[in-house]
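Enquirer: requesting a structural model of the entry that follows:
(chains A and B)
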Number of protein chains: 2
Amino acid sequence: MIRRVSFLLVFLAWAATAHASDKVYNAQHATLDNGMQVIVIPVHRTPAVTHMVWYMAGAAEEPQGISGTAHFLEHLLFKGTPRVPAGKFSEIVQRMGGNDNAFTSWDYTAFFQTVPKEKLADVMAMEAERMNDLTPKLSDVYSEKQVVMEERRQNIESDPGALLGERMRQALFPNHPYGRPIIGWMPEMQGLTWVDSLAFYKKWYAPNNAVLVISGDTTLEEVLPLANSTYGQLKREDVPIRARTASPKMDGTVRVTYARPDIREPQWIRMLRVPSVRQDTKSSLSLSLLEDLLGGNTGRLYQDLVVSQKLASNVDAAYSGYAWDDATFTLYATPASGVSLEKLEKAVTEALAKIAAHGFTDDEIKKAVGRMQDSAVYARDSLAGPAMNVGYGIVTGLTLDDIETWPKQLEALSKDDVSGALKKFVISEAGVTGWLLPEEKKR
Amino acid sequence: MIRRVSFLLVFLAWAATAHASDKVYNAQHATLDNGMQVIVIPVHRTPAVTHMVWYMAGAAEEPQGISGTAHFLEHLLFKGTPRVPAGKFSEIVQRMGGNDNAFTSWDYTAFFQTVPKEKLADVMAMEAERMNDLTPKLSDVYSEKQVVMEERRQNIESDPGALLGERMRQALFPNHPYGRPIIGWMPEMQGLTWVDSLAFYKKWYAPNNAVLVISGDTTLEEVLPLANSTYGQLKREDVPIRARTASPKMDGTVRVTYARPDIREPQWIRMLRVPSVRQDTKSSLSLSLLEDLLGGNTGRLYQDLVVSQKLASNVDAAYSGYAWDDATFTLYATPASGVSLEKLEKAVTEALAKIAAHGFTDDEIKKAVGRMQDSAVYARDSLAGPAMNVGYGIVTGLTLDDIETWPKQLEALSKDDVSGALKKFVISEAGVTGWLLPEEKKR
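Expert: Okay, the predicted model is just below:
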């Protein structure tokens, strides 16, 4: 039913009009009387809008024992309200000439539609209705449970890389909901119920726990009357504050090996816990730059390991900075043919040490900042990009100002800030290292 | 205040009078009107008794986020009731010429006193009072929190082996309370409160969720009037059933390495999830035998790796079969001087494969059964042993008959049963392997 975007928290490039203004989006902001935030990012290139509602609740809000409920509920939001029968939501949006989707992460759940601008009022009415008047039939709830279980079978159970990722997160986040999969543990998914989903819905789905973000050919002035006549009609509710369990710091190195015949190519992965944007802005700026400076085809690791040493066929880095609690920084490397993971791991470790020893140049930092600011222009120009990026930031605890000035803030980083973050957060054995091996190789 | 016995679930040898009777303890059983079970094991060697109260609730019953509460509450039970002021409980027992203690595990919490038999009525009255009339001062609660935190610092934080054990359990039991430490995660211990402890106390401490076990110079006939006039005066309460989260099966091999300068000698550990006695009696019988057949100075692994090959200075095996959910089987090996953990691990793996390939002899099995039955005679003869062993069994879901006939049941095992269990449960890479290394050695 729902075409999934991604389970993973993707740190999208930030849209920037850095040369014209210190603000990226020039977003307009208001708050309805019931506490619902409204953010509009005017982009007048095509007569269309992307309309998103973000709930500040995700898999990390699930009570222990019913993992998968947040994501299951996301699916159930397509299962009918008094005016939109089960399965008709997306069909209606498609008849408008638009498309829609939804996604769930640990920290949020979001629903969005991209439609011609004259249809904005209609999708707002539909979205507002499913914010507090969800009426699925129990038979649909039951069949949808089979759907999400099948989704897990296809996307996780049959993918050794995904299973390895779950295993690594489980070890990386002890006693914390980030250590469990968004889609849920299979034995708990079998027990997913309408009762638990409804309790989650009543607890977290409320206008004062939601953020409306619209990007496209409109303005706050146009949106506000529509918002007031739809979402504005819903009552404010008591919503608890997010109470996450504390995750203990655990020393030691943990390595997980998946050796299976159905693994096609070996892969080396190291996942580290690092500060999120919300927790530590300065470190997160450096970590964002490090993602660019290390990973990607122009990155230091790629140049060293793929181009010069020819030990890897690919190397990458990813910083998932939008998180309420700790974020992750992940290094990936695929060995060149005939190179063992043991040798590759040693080479990555040495390459990182070499970079840390020599540091970066001012020019390198400046170019990376420029690249990030420039590439952001593309995101700014897309229809959905601005709403996505602003939404990610707001629901993970940033202010609109944090989001608007982020690319500008990159300029304040020195080369020492960046190599300092490399040494402090990335060169570490405290993370979890994963090996995917094509066959039953013993260590 | 409390002298701790052990955090670990110890699979004590079973006491047996196997040559005289099919029953080990000839325990006497009754149930009070309020649902409290009473078990008496008459042992008339000395005019003394061990009096134990077992609660069918432990660290695994703690709600997510307040780990350490069950153990903290155990401490608080020494902090005063209307008739026994804070800190006086143990003093009173000592003045009787006895001693007392308490311990908490994942599945239970137990309190016991060994006293001259004429003092039995007195300790029963004191124990009954603290079952439902605990009245600690808040200042004592606060200071006791510092005590349990200090206990964690001393027993866990400063012991790399204990930290490694926590790390390994965290990986071995994903999404299950057995994956967290009984004493609690430090960041959560800082938040231990009387409110949470009281809620736990009110929820789980009740006569109908407790088992009174007395071994020593008494009989059920003598005990019952005393039990009725003490515990029998307490009201039955609504106690929830144990609801444990389902733990997903996770493939892949996980290895944890702790390399620190304060580690004195290297050690190799492999922890596996295996059936508990409650879950699978037959497999658990085989696993108990395997503990004897593999570990210890007469065990196969010891003979091979320590005596013949001289690769290890010690090898052992431990089956912790008394568990409500999955149990653990753990292999330990300490390398001989100059032998790397890598080499030792390979040797252990090969030694196990060799044993599995050749199996055991009938004679070997028979001798092992005899050893276990014989050694059990000692436990039977001790004062506390019988009460301990019966208690462990009852609170982890066994019947008195299961417990009484356990050593006799061992006789039904064939050599194929035992080598089958070896292959199925012990020869596996699905567990978690731990390395303790004295210095900062890289793999």
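Enquirer: endpoints of stretch A:311-331, how far apart?
Expert: Taking CA to CA, to the nearest Å, stretch A:311-331 runs 15 Å from one end to the other.
Enquirer: what's the mean pLDDT across that stretch?
Expert: Per-region confidence: stretch A:311-331 scores 96 on mean pLDDT.
Enquirer: report the buried residues of that stretch.
Expert: A:311-312, A:314-331 (16 or more other CB atoms under 10 Å in any protein chain shown). For the C-beta atoms, the positions are set from N, CA and C on the backbone; glycine is no exception.
Enquirer: any low-confidence regions in the stretch 1-150 of chain A?
Expert: In the predicted model, the stretch 1-150 of chain A carries pLDDT under 70 at residues A:1-21.
Enquirer: tell me which stretches of it form strands.
Expert: Per DSSP state E, counting those that start in this stretch, the stretch 1-150 of chain A carries strands over the ranges A:28-31, A:37-42, A:48-55, A:99-104, A:109-116.
Enquirer: and those: which comes nearest chain B?
Expert: Evaluated over those, closeness to chain B peaks at strand A:99-104, with 18.2 Å, by CB to the nearest CB.
Enquirer: what is that closest one packed up against?
Expert: With contacts defined as 3 or more CB pairs under 8 Å, 6 or more residues apart in numbering or on different chains; DSSP states H and E, strand A:99-104 has these neighbours: helix A:69-76, helix A:89-95, strand A:109-116.
Enquirer: if we use 10 Å, what do you get?
Expert: Where contact means 3 or more CB pairs under 10 Å, 6 or more residues apart in numbering or on different chains; DSSP states H and E, strand A:99-104 is packed against strand A:48-55, helix A:69-76, helix A:89-95, strand A:109-116, helix A:120-132, helix A:384-395.
Enquirer: so which of the ones you listed gets nearest chain B?
Expert: With CB to the nearest CB, the closest approach to chain B among the helices and strands packed on strand A:99-104 belongs to helix A:69-76: 13.2 Å.
Enquirer: what's the angle from the closest one to strand A:48-55?
Expert: Put simply, helix A:69-76 runs at 140 degrees to strand A:48-55, going by axes from the mean of the first three to the mean of the last three CA atoms, to 10 degrees.
Enquirer: is chain B within reach of helix A:69-76?
Expert: No. Applying CB under 10 Å from any CB of the partner chain, one finds helix A:69-76 separated from chain B by no less than 13.2 Å.
Enquirer: next, the angle strand A:109-116 makes with that helix.
Expert: Helix A:69-76 runs at 30 degrees relative to strand A:109-116, counting by the same axes, to 10 degrees.
Enquirer: so which of the helices and strands packed on strand A:99-104 is nearest residue B:96?
Expert: With CB to CB as the criterion, residue B:96 lies closest to helix A:69-76 of these, at 53.6 Å.
Enquirer: need the CA coordinates for that closest one. CSV is fine.
Expert: Only the C-alpha atoms of helix A:69-76 are listed here, as CSV (Å, rounded to 0.1, in the frame of the first residue of the first chain):
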residue,chain,number,x,y,z
THR,A,69,3.8,-0.1,16.6
ALA,A,70,4.7,3.4,15.4
HIS,A,71,5.4,2.1,11.9
PHE,A,72,2.3,-0.1,11.9
LEU,A,73,0.2,2.9,12.9
GLU,A,74,1.6,4.8,10.0
HIS,A,75,0.3,2.1,7.8
LEU,A,76,-3.1,2.2,9.6
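Enquirer: chain center to it: distance?
Expert: 17 Å (CA atoms, centre = their mean, to the nearest Å).
Enquirer: need the longest helix for chain A.
Expert: In chain A, with assignment by DSSP state H, the single longest helix is helix A:362-381.
Enquirer: residues of the stretch 51-200 of chain A that sit close to chain B?
Expert: Residues of the stretch 51-200 of chain A that fall close to chain B, judged by CB under 10 Å from any CB: A:63-67, A:160, A:163-164, A:166-171, A:174-175, A:177, A:179-181, A:184-191.
Enquirer: quick one: buried ones out of these?
Expert: A:65-67, A:160, A:163-164, A:166-171, A:174-175, A:177, A:179-181, A:184-186, A:188-189.
Enquirer: for the longest helix of chain A, packing partners?
Expert: So helix A:362-381, by 3+ CB pairs under 10 Å, 6+ apart, packs with helix A:281-294, helix A:384-395, helix A:400-410, helix A:415-421.
Enquirer: which of the ones you listed sits closest to chain B?
Expert: Smallest distance to chain B across the helices and strands packed on helix A:362-381 (CB to the nearest CB): 20.7 Å, for helix A:281-294.
Enquirer: so how far is the very next helix or strand once past that closest one from its chain's centroid?
Expert: Beyond helix A:281-294 on the C-terminal side, the first helix or strand identified by DSSP states H and E is helix A:300-301. Relative to the centre of its chain, helix A:300-301 is centred 25 Å away, using CA atoms, centre = their mean.
Enquirer: residues in contact with helix A:300-301?
Expert: A:290, A:293-295, A:312, A:315-317, A:331-333, A:347-348, A:351-352, A:354-355, A:358, A:360, A:364, A:422 (CB atoms under 10 Å, 6 or more residues apart in numbering or on different chains).
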